[in-house]
Structures are given as C-alpha cells and as structure tokens.
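Undergrad: sequence unknown, structure follows:
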C-alpha cells in the first residue's frame with residue numbers, strides 16, 4: 001500500500017527497488033497494469 005501511494009505521488013523512481021522485487025506475483029501485476037497505463041496515456045495525451 002505504501003509503495004503504491006509513494007509511486008503515485010513521486011513516481012516509480014521513489015519506490016525502493018527492494019520493495020518492487022519483494023512483490024508477490026509481480027509479473028501478473030505488470031501484465032495487468034501495463035495496458036491500463038497505455039490507455040491512460042492515450043486518453044490523457046501524456047507520455
């Protein structure tokens with residue numbers, strides 16, 4: 001939860017690597033989040 005808040009506020013670079021590496025089922029999360037981010041960037045005009 002803390003990593004999500006930190007990443008949303010300051011960017012993924014602010015989240016310690018050890019927190020990311022410790023995520024359970026990280027690959028599944030990445031597969032789910034990737035398409036959501038792509039859609040967000042399409043709709044918002046951001047990159």
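TA: Structure's in. What do you need? Just so we're clear, the structure is a prediction, and the values are computed from it rather than from any experiment. Residues are numbered from 1 along each chain as shown.
Undergrad: ends of stretch 15-31, how far apart?
TA: With CA to CA, to the nearest Å as the measure, stretch 15-31 spans 19 Å from end to end.
Undergrad: Does residue 23 touch residue 29 like I think?
TA: Yes - here residue 23 reaches residue 29: they are 6.5 Å apart, a contact under CB atoms under 8 Å. Using the backbone N, CA and C atoms, a C-beta is placed for each residue, glycine as well.
Undergrad: quick one, what contacts residue 20?
TA: Residue 20 makes contact with 3, 26 under the criterion CB atoms under 8 Å, 6 or more residues apart in numbering.
Undergrad: And the helix or strand harbouring it, how far out from the chain middle?
TA: With the criterion set as DSSP states H and E, the secondary-structure element containing residue 20 is helix 17-21. Put simply, helix 17-21 sits 12 Å off its chain's centre (CA atoms, centre = their mean, to the nearest Å).
Undergrad: Tell me the helix or strand right after that helix.
TA: Reading on from helix 17-21 to the C-terminus, the next helix or strand found by DSSP H and E is helix 26-44.
Undergrad: buried stuff in the lowest-mean-pLDDT helix or strand in the chain?
TA: Sorting the helices and strands of the chain by mean pLDDT, DSSP states H and E puts helix 2-10 at the bottom, at a mean of 82. Burial within helix 2-10, assessed by neighbour count using 16 or more other CB atoms under 10 Å, is assigned to no residue.
Undergrad: Residues touching it, excluding its own?
TA: For helix 2-10, the surrounding residues in contact (CB under 8 Å, 6+ apart) are 14, 15, 19, 20.
Undergrad: let's see 7 Å
TA: Outside helix 2-10, the residues within contact range by CB atoms under 7 Å, 6 or more residues apart in numbering are 14, 15, 19.
Undergrad: Counting neighbours, which of those residues comes out on top?
TA: Among the contacts of helix 2-10, the one with the most neighbours (other CB atoms under 10 Å) is residue 15, at 17 neighbours.
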